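Asks: I'll drop the sequence and a predicted model, then ask my questions.
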Amino acid sequence: TPIFLKYYTLMQNMKLLDEIKKEIMPDVSILKKINEFTDLINSEIKKQRIKAICVPGGSVAKGTFLKGDFDVDLFVRFDYSYKDKDLSNLLGRVLKKFKPDILHGSRDYFQLKYSLNYEIVPVLAIKKPEQSLNVTDMSPLHVGWVKKHLKKGQEDEIRLAKKFCKSIGVYGAESYINGFSGHVLDILVIYYGSFIKFLQ
């Protein structure tokens, strides 16, 4: 009957999605390496007597990163008393021994490889969006929002959405892609509840 065929097709699709979820599930042991490198940076910050702390950000901090397909975002959160300082210059001094590449943006940030690929971004430590002086200052707040609203199992649903958007070339908010940022996908999947409902 049509109802049986519809149900059977749905079950087959769910089985396929479960298989994909397993394929894109990351190895969480990688988090140990990330924490060790974060500690190294914090040690350099302490040596230079700078009021700041390095913390993981982005999909790694949210637990929504894809297996073998991610850069590690780290945020160096500078005390708000540094709001008139050149944060990029200060962070450049901290990272000097790691010989990073400088990337230019609304505030310069850094890329380097230390067993994994890292992007390290200087931000002001803020508690409310209105305190931000740069759009990147709000990025750590994104992590807090997602962790607060994420329901059990939605990490897998977000990974499916990311993999799908990557496969059709619409993942990334860069102007040359003009697609969905990781954070926008987080919000949409959390709002709609699942990958399938997000597609619908």
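Replies: Great, that's in hand. Numbering: from 1, shown residues only.
Asks: contacts and neighbour counts: CA atoms only from here.
Replies: Fine.
Asks: ranges for the helices of this protein?
Replies: Per DSSP state H, the chain carries helices over the ranges 2-24, 30-47, 58-62, 87-95, 139-149, 154-167, 182-192, 195-199.
Asks: so which of those comes closest to S115?
Replies: Ranking the helices of the chain by proximity to S115 (CA to CA) places helix 30-47 first, at 8.2 Å.
Asks: on that earlier part again, could you redo the helices of the chain as TSV and give each row distance to L133 and mean neighbour count?
Replies: Formatted as TSV, the helices of the chain follow (distance: least, CA to CA, whole Å; neighbours: other CA atoms under 10 Å):
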stretch	distance to L133	mean neighbour count
helix 2-24	36	12
helix 30-47	22	15
helix 58-62	20	20
helix 87-95	12	18
helix 139-149	12	16
helix 154-167	29	20
helix 182-192	20	18
helix 195-199	33	15
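Asks: which non-adjacent residue is nearest the most centrally placed residue in the chain?
Replies: Compute the mean C-alpha point of the chain, and by CA atoms, centre = their mean the closest residue is G58, 1.7 Å away. Spatial nearest neighbour of G58, chain neighbours left out: D73 (5.6 Å); criterion: CA to CA, 6 or more residues apart in numbering.
Asks: ok, now how distant is the one you found from S139?
Replies: According to CA to CA, to the nearest Å, D73 and S139 sit 10 Å apart.
Asks: Could you do F164 as well?
Replies: 24 Å.
Asks: Over to N13?
Replies: Separation of N13 from S139 (CA to CA) stands at 35 Å.
Asks: Direction included, what does the top strand by length along the chain pair up with?
Replies: When the chain is parsed with DSSP state E, its longest strand is strand 116-124. Looking at strand 116-124 with DSSP bridges, its partner strands are strand 72-78 (parallel), strand 109-114 (antiparallel).
Asks: can you list the ones you listed in TSV and add mean pLDDT and mean neighbour count?
Replies: TSV is the format used below for the strands paired with strand 116-124 (pLDDT from 0 to 100; neighbours: other CA atoms under 10 Å):
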stretch	mean pLDDT	mean neighbour count
strand 72-78	96	23
strand 109-114	94	17
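Asks: need those strands in a markdown table with distance to L87, can you?
Replies: Listed next are the strands paired with strand 116-124 as a markdown table, based on distance: least, CA to CA, whole Å:
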| stretch | distance to L87 |
| --- | --- |
| strand 72-78 | 8 |
| strand 109-114 | 9 |
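Asks: And these: which comes nearest N178?
Replies: strand 72-78 (20.6 Å).
Asks: Export only the CA atoms of the closest one, formatted as CSV.
Replies: What follows is strand 72-78, C-alpha atoms only, in CSV (Å, rounded to 0.1, in the frame of the first residue of the first chain):
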residue,chain,number,x,y,z
VAL,A,72,40.6,24.3,15.4
ASP,A,73,39.4,27.7,16.4
LEU,A,74,41.0,29.1,19.5
PHE,A,75,40.1,32.5,21.1
VAL,A,76,42.4,34.5,23.2
ARG,A,77,40.1,36.5,25.4
PHE,A,78,41.7,39.7,26.6
